[in-house]
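A.B. asks: can't give you the sequence, but here's the structure:
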C-alpha cells in the first residue's frame, strides 16, 4: 500500500546527478526512512548518471513510500538500450567501468528490482525494505539480597531532558545541571547534538537525529560537559505528544556505571510447566532473549554477561582486524570506556602462550608482570582471564574478565568463559560483517557526496575548507590541513577546524607552536603524538603557575589551556596528500582525550585524502594559471593614462569570463610629441595566448610608429603588414586609432581612422548624436590597404565615445543593444563629465540583460569641458 509519493524531473546536464541525490535524500529523511537513505542515494546516483550523462536524456525520479519500505523509479527516454538478463550469459557490467554499474548495484543492494519498457520510456525501479527494530518491553524481577543489588551513589541523579520536534532542548532539570555543569538557560533553545558526543560513523547504527524520532530508544553515548570532557551516560528515550498533538522526546540520562537505574531488564525465558522440557539455545542462555540487533548492543551485552558470570569487576571485548595482526577495543564495562574504545593492541604481544591472543590465558597478579595486558594498565585490576573468539579456526576477537583482587581466576573459569565465547563468536562475527557492509555502503555514499563537492570548486581556500568540513565531525573531532608550496618549502598550517568553534583559536595557536609533521609520501595513516604532548606540557605549566599564585583568582587562560589539552589529548593521525607523485600537504585528524580512531574510519579518511589531494592540486594549478593570465592581461593594458590639457578622458575596462583567459580587447592613450596625443581602442579576434600576442604587437607597434612621425593611415598599414607576417599565428583586428590635438580656443581637433571597429559617436552640446568616422577595412585580412583619416573638431561640451563590440553586441534573448541603442543611451548624457558618461554607458549595458556579460568591454570617453565664466 502506497502511503506517500514524491516526483521530480532532471535535465540532461551533469549537475542533475547531485540534484537527484539531494532530492532522494531529503525525501526519505522527511519520511523517517533514514535506515535506507544511503543505499537509495547510491542507486539513484548511478541510474540518473546513466540517463543524463551516458544516454543524454532527461530523467524522471519517483519515490513511493510503503509501510515496509520504499520504491524508487528512475525513467529515461532511451528505451532502445538492451538490458542484460541474469543467467543468459550476458554481463551486468564491470565495477571498473565508468558506466553500466546501475543494474549491478541494484542486484547487490536492493531487496527487489526490475526494468519496464514503453515505446518512449525505459524505467528502472528498485525496492528497499526497512529493517525490523526491536521494541522495548516491561518486566519485573525477583526479590534479591542486598549484596546482589546494583551499586549506585548515595544520591542517584537522573537527568531529564525534553527535546522538541526540531531536536532543540526545551526542558533541563536540576540533576542534568549537576551532572553536566550547564545551567538550564545555557542549553535551552540549543540542539542536543551540540553537546552530545554521538558516534558519527557513516552508515553505522542510528544517528542522534534519527534516534530522537524513534518511539523508544535505549543505549549509551556521551555528553560533553561544561569543562569540555565527555561524560559517558546511559540513556532511555521515549517519544511522546502533548495535548495539542505536538511531539517531543523525553530523555532520561544517568552515568554509564549507574545504568541499572533506568536500563530495561532482559526478558526472562518463558517456562511452560505443562509441556516437556525443551532444549535451550546456549547463545540465548548467555546473551538473553531477545538478543540486541546491532553490533554495539551485542558486544556491550556480552561483556556485561561475562563480568556477571565470573563475578568480575570489569570485562572487555576486542575484535580482530582483517589481517589478524591487531585487536580493536569495541566494548568494555567497569573500565574507562571513553578512553579505551577503538584502542588497538597487537595480537602477538610477546613470546609464549600468554603473549598471544590466540590462546586462553589466566594472569593471577598483573603487578608481577607489568604490561602483560596493556588494556588494564593503571586501572587497578590485578587478575584477568582472556579467551579468543574464533570462527572456523580464524581469530575474530578476544573476550576478557578482570578483577581487582589477585588470584581470582583459574583454568576452570577460563573454560567457562571459553565455552561462552564459542557460543557467541559466530553471532558476533555475523553482526560485525553486517556492520562492515553498512559501513561500506555509507562510505560509498559519503565519498560520492565528497567527490561531487570537491569537483564543484577550483578555489584553493574553498577546497581547504571543504576538506576540513567533510571530516569534522563525521570522521574526527578536529582537523588541520598543512600545505607544501614546493619541494623546497616547509609545511604550512593552512586550515584548522574543530567541532566546537570555541576551541579553534586555541587549537590553531597550539599547532602553530610545534613543528609540522614530516611530509612522508607513504600511503596510510600514521600516529602523530606531538599535539597531545605539547598540549599536556602547556596545561602542566599553566597549572603550576596558577598554583604558585596561591589564593589568586583563577585566570581564564588556564581554562582555555586545559580545554585545548582535552581537545587534542586523544589519538592524532596524519595522512599524506599526494597528487601527481608529489606530497602537496598533510591531512591531520584528531580525537579528544583518550579517544581512538577505528580502522574503518582511517581507511575511509585515506580514500577521502586521495580525492582531496587531487582537488587541492587542481585548485593550485588553476590559481597559478589564473594569476599568469591576469598578469599577462595587465601587461597588455597601459600602466596609467596621461593628463591631456583641456580634455577630460575616462576609460572603463571589464574582462568577461572567470579570469583564466586573456581577453582580446585593449585600449591606449599616450603622448606622441608636444601638444599631440595618440589614442586607440581595439579588439583582437579570439582569446588566449594567440590573441594576447597580437594585442601586445598592436599596442607597442602603435606607440613606436606614431612617435616615429607616421600619420594614422601609415601607422595602421604598417601594423597590418606586421600582423600578416605572423602567418598562422595571426588574428584579424578591429581598431580605432586617432590623434588628439587640444586647441587654444578650448576645442580639440581629432584625426581618426576606423578599421573595421564600431564607429565612434559624437555627442554635441545640444544632445544630437552622430558617427564621428566612416567604416574602413579591418586589419590582418588583406595585404594592400588604402586607409584614410578623417578630421573631427570637438567643441566645448562635446563628447567622443569609443567602445568595443562587447558593448554594442550585448544581448538579451533575441534583442541586441546595437549602435542605435548605444546612441539612445549617449543622448541622455548631455552635460555630464567624461567619467559620468562612461559610467552611465556601462550601467545601461549591464542592465540590458540579466545574465553576466560574455564578452570583454572597453569604453573610452573624451570630453572637451565648457569654459568657466568669471
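C.D. replies: Yes, it's here. Treat the numbers as computed from the prediction; the structure is a model and nothing was measured. Residues are numbered from 1 along each chain as shown.
A.B. asks: only C-alpha atoms for contact and neighbour calcs from this point on.
C.D. replies: Noted.
A.B. asks: do you know how far the spatially closest residue to residue 641 that is not a sequence neighbour is from residue 747?
C.D. replies: Using Cα to Cα, 6 or more residues apart in numbering and skipping residues adjacent in sequence, the residue nearest residue 641 is residue 669, 6.2 Å away. Separation of residue 669 from residue 747 (Cα to Cα, to the nearest Å) stands at 19 Å.
A.B. asks: higher neighbour count, these two?
C.D. replies: residue 669 (24 against 20; other Cα atoms under 10 Å).
A.B. asks: got the contact list for that one?
C.D. replies: 638, 641, 642, 677, 678, 679, 680 (Cα atoms under 8 Å, 6 or more residues apart in numbering).
A.B. asks: of those residues, grab the buried ones for ChimeraX.
C.D. replies: This is the ChimeraX syntax for the buried subset of the contacts of residue 669, where burial follows 16 or more other Cα atoms under 10 Å:
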select :677,678,679,680
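A.B. asks: relative to residue 536, which of the contacts of residue 669 is nearest.
C.D. replies: residue 638 (58.3 Å; Cα to Cα).
A.B. asks: ok, back up a step: can you pull the phi/psi pair for the residue nearest to residue 641?
C.D. replies: Per-residue torsions, residue 669: phi -150, psi 120 (degrees, to the nearest 10).
A.B. asks: in the sheet, who's paired with it?
C.D. replies: Residues in a beta bridge with residue 669, per DSSP bridges, are residue 679.
A.B. asks: ok, back up a step: looking at the contacts of residue 669, which is nearest residue 450?
C.D. replies: residue 638 (44.2 Å).
A.B. asks: and that closest one, what does it touch?
C.D. replies: Residue 638 neighbours (Cα under 8 Å, 6+ apart): 667, 668, 669.
A.B. asks: please redo it, this time with the cut-off set to 7 Å
C.D. replies: Neighbouring residues of residue 638 by Cα atoms under 7 Å, 6 or more residues apart in numbering: residue 668.
A.B. asks: downstream neighbour of the helix or strand bottoming out on mean pLDDT in the chain in the secondary structure list?
C.D. replies: In the chain, no helix or strand scores lower on mean pLDDT, DSSP states H and E than helix 337-340, which sits at a mean of 51. Counting by DSSP states H and E, the next helix or strand C-terminal to helix 337-340 is strand 344-346.
A.B. asks: note down every partner strand of that following strand and its orientation.
C.D. replies: In the sheet, strand 344-346 lines up with strand 326-333 (antiparallel) (DSSP bridges).
A.B. asks: contacts for the partner strand?
C.D. replies: Residues outside strand 326-333 that contact it (Cα under 7 Å, 6+ apart): 299-300, 303-304, 314-321, 340-347, 397.
A.B. asks: run the last query once more with 6 Å
C.D. replies: 299-300, 314-320, 341-347 (Cα atoms under 6 Å, 6 or more residues apart in numbering).
A.B. asks: what residues sit buried inside it?
C.D. replies: Those would be 326, 327, 328, 329, 330, 331, 332, 333, for strand 326-333 by 16+ other Cα under 10 Å.
A.B. asks: now these in a markdown table, with pLDDT and distance to residue 572?
C.D. replies: Shown next, in a markdown table, are the buried residues of strand 326-333 (pLDDT from 0 to 100; distance: Cα to Cα, whole Å):
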| residue | pLDDT | distance to residue 572 |
| --- | --- | --- |
| 326 | 83 | 18 |
| 327 | 86 | 19 |
| 328 | 85 | 16 |
| 329 | 85 | 17 |
| 330 | 84 | 19 |
| 331 | 85 | 21 |
| 332 | 86 | 22 |
| 333 | 83 | 25 |
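A.B. asks: roughly how far is the strand ranked longest in the chain from the heart of the chain?
C.D. replies: When the chain is parsed with DSSP state E, its longest strand is strand 230-241. On the basis of Cα atoms, centre = their mean, to the nearest Å, strand 230-241 sits 30 Å off its chain's mean C-alpha point.
A.B. asks: sheet partners, orientation included, of that strand?
C.D. replies: As assigned by DSSP bridges, strand 230-241 forms pairs with strand 216-224 (antiparallel), strand 247-255 (antiparallel).
A.B. asks: thinking again about what came up before, a markdown table for the contacts of residue 669, including pLDDT?
C.D. replies: Formatted as a markdown table, those follow (pLDDT from 0 to 100):
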| residue | pLDDT |
| --- | --- |
| 638 | 82 |
| 641 | 84 |
| 642 | 88 |
| 677 | 94 |
| 678 | 93 |
| 679 | 94 |
| 680 | 94 |
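A.B. asks: just name the closest of the contacts of residue 669 to residue 722, please.
C.D. replies: Of all these, the one with the least separation from residue 722 (Cα to Cα) is residue 680, at 17.2 Å.
A.B. asks: hmm, residue 737 and that closest one touching each other?
C.D. replies: Yes: with contact defined as Cα atoms under 6 Å, residue 680 reaches residue 737; the gap is 4.5 Å.
A.B. asks: what about residue 304, neighbour count?
C.D. replies: 20.
A.B. asks: do the same with residue 218
C.D. replies: 19.
A.B. asks: how about stretch 412-420: buried residues?
C.D. replies: 413, 414, 417, 418, 420.
A.B. asks: hmm, who's touching it?
C.D. replies: Here stretch 412-420 has contacts from residue 387, using Cα under 6 Å, 6+ apart.
A.B. asks: kindly recompute the last result at 10 Å.
C.D. replies: Here stretch 412-420 makes contact (Cα atoms under 10 Å, 6 or more residues apart in numbering) with 282-283, 285-287, 302, 305-307, 309-310, 359-362, 384-389, 398-401, 411, 421, 423-424.
A.B. asks: shaky segments in the stretch 651-800 of the chain?
C.D. replies: Flagging of the stretch 651-800 of the chain using pLDDT under 70 yields the residue ranges 657-663.
A.B. asks: helices of that one, start to end?
C.D. replies: Listed in chain order, the helices of the stretch 651-800 of the chain (DSSP state H, counting those that start in this stretch) span residues 689-707, 712-724.
A.B. asks: nearest to residue 517, out of those?
C.D. replies: By Cα to Cα (comparing all of the helices of the stretch 651-800 of the chain), the closest turns out to be helix 689-707, at 40.8 Å.
A.B. asks: give the other helices and strands that the closest one contacts.
C.D. replies: Here helix 689-707 touches helix 599-635, strand 665-673, strand 676-684, helix 712-724, strand 733-742, going by 3 or more Cα pairs under 10 Å, 6 or more residues apart in numbering; DSSP states H and E.
A.B. asks: going by distance to residue 259, which of the contacts of strand 326-333 wins?
C.D. replies: Nearest to residue 259 among the contacts of strand 326-333, with distances taken as Cα to Cα, is residue 300, at 12.2 Å.
A.B. asks: tell me which element that closest one falls in.
C.D. replies: helix 295-309.
A.B. asks: that helix packs against which elements?
C.D. replies: Short answer (3+ Cα pairs under 10 Å, 6+ apart): helix 295-309 packs on strand 216-224, helix 282-287, strand 314-320, strand 326-333, strand 394-403, helix 411-455.
A.B. asks: perfect, I'm done here.
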